[in-house]
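Enquirer: quick one, fold the following:
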Amino acid sequence: MIMKIFKEIAILILITVVLALGLSFYGFHLFKNISKNIIGAQDEKNATYLIEGRKITLINGISEVPAAPGSASKIITRYFGNEVRHDFNGDGREDVAFLLTQTMGGSGTFYYVVAALNTSSGYVGSEAVLLGDRIAPQSTEMGNGNTVIVNYVDRKSGESFIVAPSVGKSIWLVLDPNTMKLNEVL
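Expert: Residues are numbered from 1 along each chain as shown. Just a heads-up that it's a prediction; the model follows:
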């Protein structure tokens, strides 16, 4: 009888230890994943941006991900530059807006404008704004207040991509630090 009680107690202790270890392991990974989403990157070239609904994380200014699961074709995103530095959210830290390029295995090179806020826990990237395919970026500058002005050359409407860009264009954008979206100023 006493052996049966000791055996049951030993089984209960074993189950408790296994459950405690399992919950600790799960909790650790849950915390690790949560903190990964809260903590920003060391700089803008290592932050995560939202491009066409897909999260893209740069590592030293580059991201290379499969175009589809198991695909040999890659989506390659690169830091292009043309950056401007400014405190976009008024926290006293210098933030940055700049251009990225993205290629998807075809002949196109898509240009995007993004911003990265320099927060107390690191850089947090914005949603990207598409400028165009195979354009010719010119300059990025600060306008009034928090307005970022991106100047570039594009093709005339309906022109083939074999024609060199020849039409000067500009887009004025303001970052909403709450939604991390760059909104066009009309």
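
Enquirer: how about Lys45, secondary structure?
Expert: Three states are possible here, and by DSSP: H, G, I helix; E, B strand; the rest coil the one that applies to Lys45 is helix.

Enquirer: how about it, nearest residue that isn't a chain neighbour?
Expert: Using CB to CB, 6 or more residues apart in numbering and skipping the chain neighbours, the partner closest in space to Lys45 is Gly61 (4.1 Å). From N, CA and C alone the C-beta is placed, and that goes for glycine too.

Enquirer: hang on, isn't the one you found packed against Arg78?
Expert: Yes: with the criterion set as CB atoms under 8 Å, Gly61 and Arg78 qualify as a contacting pair; they are 6.3 Å apart.

Enquirer: on the three-state scheme, the spatially most central residue of the chain is what?
Expert: Nearest to the centroid of the C-alpha atoms of the chain, with distances taken as CA atoms, centre = their mean, sits Tyr49, at 1.4 Å. Following three-state DSSP, the label given to Tyr49 is strand.

Enquirer: in this structure it contacts Ile56, no?
Expert: Yes: taking CB under 8 Å as the contact criterion, Tyr49 and Ile56 are neighbours in contact, 5.3 Å apart.

Enquirer: now for those two: what residues contact both?
Expert: Overlap between the neighbourhoods of Tyr49 and Ile56 consists of Thr77, taking contacts as CB atoms under 8 Å, 6 or more residues apart in numbering.

Enquirer: which stretches of the chain form helices?
Expert: With DSSP state H as the definition, the chain shows helices at residue ranges 2-38.

Enquirer: show me how it divides into domains.
Expert: The chain breaks down into these domains under automatic domain parsing: 1-38, 41-184.

Enquirer: show me what contacts the residue lying closest to Leu130 once chain neighbours are set aside?
Expert: With CB to CB, 6+ apart as the criterion, Leu130 has its nearest non-adjacent residue at 5.7 Å, and that residue is Tyr112. Contacts were defined as CB under 8 Å, 6+ apart; by that measure Tyr112 touches 49, 51, 99-102, 128-131.

Enquirer: re earlier: quick one: contacts for the residue nearest to the centre of the chain?
Expert: Each residue near Tyr49 by CB under 8 Å, 6+ apart is listed here: 55-58, 77, 100, 112, 114, 116, 125-128.

Enquirer: likewise for Leu182?
Expert: The contact partners of Leu182, taken as CB under 8 Å, 6+ apart, are 97, 113-115, 126-129, 148, 173-176.

Enquirer: tell me what the closest residue in space to it that isn't next to it in sequence is bridged to.
Expert: Nearest-residue entry for Leu182: Leu173, 4.3 Å, with adjacent residues in sequence omitted and distances by CB to CB, 6+ apart. With DSSP bridges as the criterion, Leu173 is bridged to Val148, Glu184.
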